[in-house]
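*Asks:* Kindly generate the corresponding structure for this input.
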Amino acid sequence: MEESPKQSTTPLRQVSSTLSDSSFGSNSTVVASPASPASYRPGYRRVPSAIEEDEPEGTACISTPSSKERHGLGIDNIEKLGDQKIARPSRKACPVGANPADALLSPSSTKAGSDIGFGGKVANSREDDQYADNASTVQLLQPSTTNGSKFPLGFENRASTCRSKGPLSHGRSSWVGVAILILSTYSTAFSALWLTIAIVRPRYGHAISLVGKVTPTAASTLYTAFAKSIELSFVTVFVSLLGQILSKRALGERKSITIAEMSMRSWVLQPGTMITHWQSVRYAVVTRLGIFAVLGAITAMLYTTASDALVAPQLQLGRSESRLIFGKVSTKFANVKWIEDQCPTPIQVVNDPDNVGETCIEMQHAGDAYHNYLQYLELWSASIATGNGSTDLKKRSEPVALSENFTRTVNNITVAMPHSGVIAAAIDPLNSIMQPHDTSGLGEYYVNASVPSPVANVLCASLTAEELTPMVYYEWLENYRNDTGMPNSTSWPNYYDLTIPEKYRLTAVDKLFDFDESQVHPIFPKLPDPYNTVLNASSAYGPNSVYLLAATQDKAYTMCSIRAAVTPSCSTHYHVTVSGAALSVNCEDPEDRLAYRKSVPEAPNGVWEKDWKDVASGWASALSLNAGISDGKASNARLLSQMIPKANRLDPALPSISEALAVLAGNTLLLSSLNSPFIHYWNYSNETPPILKTPQYQAFNATFRSIEYQSGGTQDWQGMFYIVLAVVFIANLCCFIYFLVSGGLMTDFIEPQNLFSLALLSPPSEDLAGACGGGPDRNQYDVPWNVKIDRAREHLWFESSDGKRSIKRRHKRNKSSISGPMEYEMQQRPLLRAYSKIRRNRASIL
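*Replies:* Sure, this is the predicted structure:
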């Protein structure tokens, strides 16, 4: 049997030790000593240890040995300790800024018989342990003062090391103050200009066009750039105003700011945050400043859009405006000599000095007349095919009249044509009218001119062969000469004596056709064969009409007189688009304010122009209206003869001969009015022919309406953007007045860099418990905050001005008895609650 080991003279636990039979943990839990006999280990003794309660992180620290003195079980050398009083490990609050390694210092590394308490205090009693449990909560809720007498836990070091390097406010002459005032001035001035432009709606005319100083593309870019600069400067100034208001509130004693109000800056800079962070909006939008911020954010977001809708130049059809338009006058109405001189022809005068102009103008008569005639016939053909033919005069070419007053069929039509000189006046540079090609081919304009209009009257009446005897040379039997033969186109009328016998001076239609001594009846060479026409166009000056005699298939005769004049009862309308132009006339309209008689009430009506007969002679010859003299059977003559009314009424499926002749003669009216006066008479020299060597400008009244670049909306719904322009201007004006009258600018605590610095150097607050990860929640947006000033240390920090109210709200939501940030955090985490319950039931062991 082995000998038992020799016992050491130093017991592992001495009876005379100052330690009692019981050891105490941090929460004074009594643990019984073991009942087994004492064992001895040479030269060592056990230092009393205890198992402490673990605290949630952030509330207390456990003192542990340093790297040189760290022990696993608290065993120390007896000789080193001697009779020194053993310091029990205790929990200590971790001062802010403490070294994490120092939180685990051994008791032997501290001052003997003492613990490091809160704020550098020395704790020597067990009550300090209990104080340490709640010290962080008590100190964090302790309010700070502006004289620096008290600070929250761990905040003294931070406050003592942070002295503000810059001033709290900046003078008006500082760079920040000058820059803000310049931006505010610019934004206010240009927003006022933009609002004025939108209201006035100016038209830019040639200034913005392809031939103007600024092209449409460049104008659009410039207006957008200026609108964007106004928007950016407004946002800068508006955010600065919000920052000044909230910063001054934060420094005040009666007012404070909330996190919801701090987010107003983001509303303006990032309007989408009002949707993504709607929680902050619900608390701040109910205030006057919140409403102001929301209006600023919305209007800033829509300002460029409002500018594009109401200010940027756009093609618009303007309102009708009265103005004088000037046109050139070169000759009197229906001057055949001037008309022939203007006719373009490749034949030179030296090659055909007598007839070059006449030949050219007859070709033009034929081309224009037949072109108009064919279009007219096409319309009638379409009307007949669809069954829309009518005897109603209002549904036929106007004006048309059929009379029975003379016991014969009478077809009287007067057709008016517009004054063709208006076309030349509209494109004259003197009038500065933008043409469609000046606006990228998208232009359009209307000119309604108060000028006299040329009219042609065609009067047709049915006559018998007997009634025609006084007007047919062939029927004058005693004057018929066998040696001269039958009249023909070569011999007529030059080789015949056209002196009217006395018994043939009167006719059956003198009253109808106004025949008298000054206007004698016409003389035709012969009665035309069926489907033929003959013409009387006397070359002698005096008669004002040309006459046509036509025969139907059954030798029924119709005589027509054709004459022209200018009437004051009409106005000329000219409409130009990119696809073409239309020249029209409006007559006998009592509502027409531009009728020439409204401008010149004394203008006569129905003065027939004798010069027009010369123009009509060439026109009739070009259309083969005298081909019946040699029985030519011209196609045009045949068609006209078929249009003679067969009864004393209009045929609903066929135009009358009067209507057809009026259409054919319409082009002569346009040629006769070209470069003619815009008044009803010739007021220049009596030269023969009446042609001005240098054209003269003559003015006439007109209304003008055009599509050109103009500011202002093109749609009615765009008027809502006036609110945006007005609100931005008013907000700019308020900002400008504020920055102008304020003495200077203070530090904007809402700016991110200032807010971050101030928050980082501020003590933690229980009012934002749980906001470190997911941000503020619910009522935390509405917690009031102030900026406190420690004037002795020159330090500023954020502090809640409503901490007690916030805690009460949380206590209402939390019905448990746990209080303080540590217990509140543990209550929110089930794992920590379970762990806390286990450690409270744990016993201390030796």
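*Asks:* Could you look up the SS state of P346?
*Replies:* Of the three states, P346 takes coil under DSSP: H, G, I helix; E, B strand; the rest coil.
*Asks:* What ranges does the stretch 501-650 of the chain have for its helices?
*Replies:* 510-513, 596-599, 612-622, 635-642 (DSSP state H, counting those that start in this stretch).
*Asks:* helices or strands up against the longest one?
*Replies:* It refers to helix 612-622. Where contact means 3 or more CB pairs under 8 Å, 6 or more residues apart in numbering; DSSP states H and E, helix 612-622 is packed against helix 336-342, helix 356-385, strand 545-551, strand 557-567, helix 657-673. To be clear about C-beta, it is placed using only N, CA and C from the backbone, and glycine gets the same treatment.
*Asks:* Make a markdown table out of the ones you listed and add mean neighbour count, distance to S462 and mean pLDDT.
*Replies:* As requested, the helices and strands packed on helix 612-622 are arranged in a markdown table below (neighbours: other CB atoms under 10 Å; distance: least, CB to CB, whole Å; pLDDT from 0 to 100):
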| stretch | mean neighbour count | distance to S462 | mean pLDDT |
| --- | --- | --- | --- |
| helix 336-342 | 19 | 32 | 90 |
| helix 356-385 | 16 | 22 | 87 |
| strand 545-551 | 25 | 10 | 94 |
| strand 557-567 | 25 | 5 | 95 |
| helix 657-673 | 25 | 10 | 93 |
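*Asks:* Go through the ones you listed and name the closest to V349.
*Replies:* helix 356-385 (5.6 Å; CB to CB).
*Asks:* name the helices or strands packed onto that closest one?
*Replies:* Packed next to helix 356-385, using 3+ CB pairs under 8 Å, 6+ apart, are helix 336-342, helix 612-622, helix 657-673.
*Asks:* re the thing from before, deepest of the helices of the stretch 501-650 of the chain, which one?
*Replies:* Mean neighbour count (mean count of other CB atoms under 10 Å) peaks for helix 612-622 among the helices of the stretch 501-650 of the chain, with a mean of 23.
*Asks:* any idea how far that helix is from the chain center?
*Replies:* Taking CA atoms, centre = their mean, to the nearest Å, one finds helix 612-622 lying 57 Å from the centre of the chain it belongs to.
*Asks:* Show me what that helix is in contact with.
*Replies:* Helix 612-622 is contacted by residues 333-334, 336, 339, 358, 361-363, 365-366, 369, 535, 537-539, 543-546, 548, 562-565, 626, 664-665, 667-668, 671-672 when judged by CB atoms under 8 Å, 6 or more residues apart in numbering.
*Asks:* From the chain's centroid, how far away is stretch 524-543?
*Replies:* 67 Å.
*Asks:* What is the end-to-end distance of it?
*Replies:* This stretch, stretch 524-543, spans 15 Å end to end (CA to CA, to the nearest Å).
*Asks:* So for that stretch, what gets flagged as buried?
*Replies:* Buried residues in stretch 524-543, defined by neighbour count with 16 or more other CB atoms under 10 Å: 524-528, 530-538, 543.
*Asks:* The helices and strands packed on helix 612-622: which one's closest to S247?
*Replies:* Nearest of those (CB to CB): helix 657-673, 78.3 Å.
*Asks:* The next helix or strand after the closest one - contacts with which helices or strands?
*Replies:* Using DSSP states H and E, the helix or strand that follows helix 657-673 in sequence is strand 691-710. Strand 691-710 sits against strand 314-317, strand 321-331, strand 444-449, with contacts defined as 3+ CB pairs under 8 Å, 6+ apart.
*Asks:* Give the rounded mean pLDDT of strand 691-710.
*Replies:* For strand 691-710, mean pLDDT is 93.
*Asks:* tell me the angle of that strand relative to strand 444-449?
*Replies:* Interaxial angle, strand 691-710 versus strand 444-449 (axes from the mean of the first three to the mean of the last three CA atoms, to 10 degrees): 140 degrees.
*Asks:* mind checking how far the helix or strand that strand 691-710 is followed by is from the chain centre?
*Replies:* As assigned by DSSP H and E, the chain's next helix or strand after strand 691-710 is helix 721-741. Put simply, helix 721-741 sits 21 Å off its chain's centre (CA atoms, centre = their mean).
*Asks:* same question, stretch 456-470
*Replies:* 67 Å.
*Asks:* same thing with stretch 729-744?
*Replies:* On CA atoms, centre = their mean, the centre of stretch 729-744 falls 28 Å from that of its chain.
*Asks:* what sits up against that stretch?
*Replies:* So stretch 729-744 is in contact with 169-172, 174, 177, 180-181, 184-185, 187-188, 191-192, 194-195, 234, 237-238, 240-241, 244, 292, 295-296, 299, 745, going by CB under 8 Å, 6+ apart.
*Asks:* again with stretch 675-691
*Replies:* Contacts for stretch 675-691 (CB under 8 Å, 6+ apart): 327-335, 337-338, 419, 421, 424, 449, 451-452, 566, 568, 596, 600, 603-604, 607, 692, 695-696, 698-700.
*Asks:* same thing but 6 Å
*Replies:* Contacts to stretch 675-691, defined as CB atoms under 6 Å, 6 or more residues apart in numbering, come from residues 327, 329-333, 335, 337-338, 421, 451-452, 566, 603, 698, 700.
*Asks:* ok, now stretch 268-275?
*Replies:* V235, F238, V239, S266, W267, V281, G296, A297, A300, M301.
*Asks:* And for P452, the neighbour number?
*Replies:* When neighbours are defined as other CB atoms under 10 Å, P452 has 30 of them.
*Asks:* Also the one 5 residues further on?
*Replies:* Burial measure for N457: 20 neighbouring residues, criterion other CB under 10 Å.
*Asks:* can you offset everything so residue one is 222?
*Replies:* Got it, first residue is 222 now, which makes that one N678.
*Asks:* Which residue is the nearest non-sequential neighbour of it?
*Replies:* T635 (4.6 Å; CB to CB, 6 or more residues apart in numbering).
*Asks:* sorry, back to before: top of the contacts of stretch 489-496 by neighbour count?
*Replies:* F459 (28 neighbours).
*Asks:* Pretty sure it sits in a strand.
*Replies:* No: counting by three-state DSSP, F459 is not part of a strand but helix.
*Asks:* And it, how far from N975?
*Replies:* The gap separating F459 from N975 is 18 Å, by CB to CB, to the nearest Å.
*Asks:* Which among the helices and strands packed on helix 577-606 is found nearest to N609?
*Replies:* helix 878-894 (16.0 Å).
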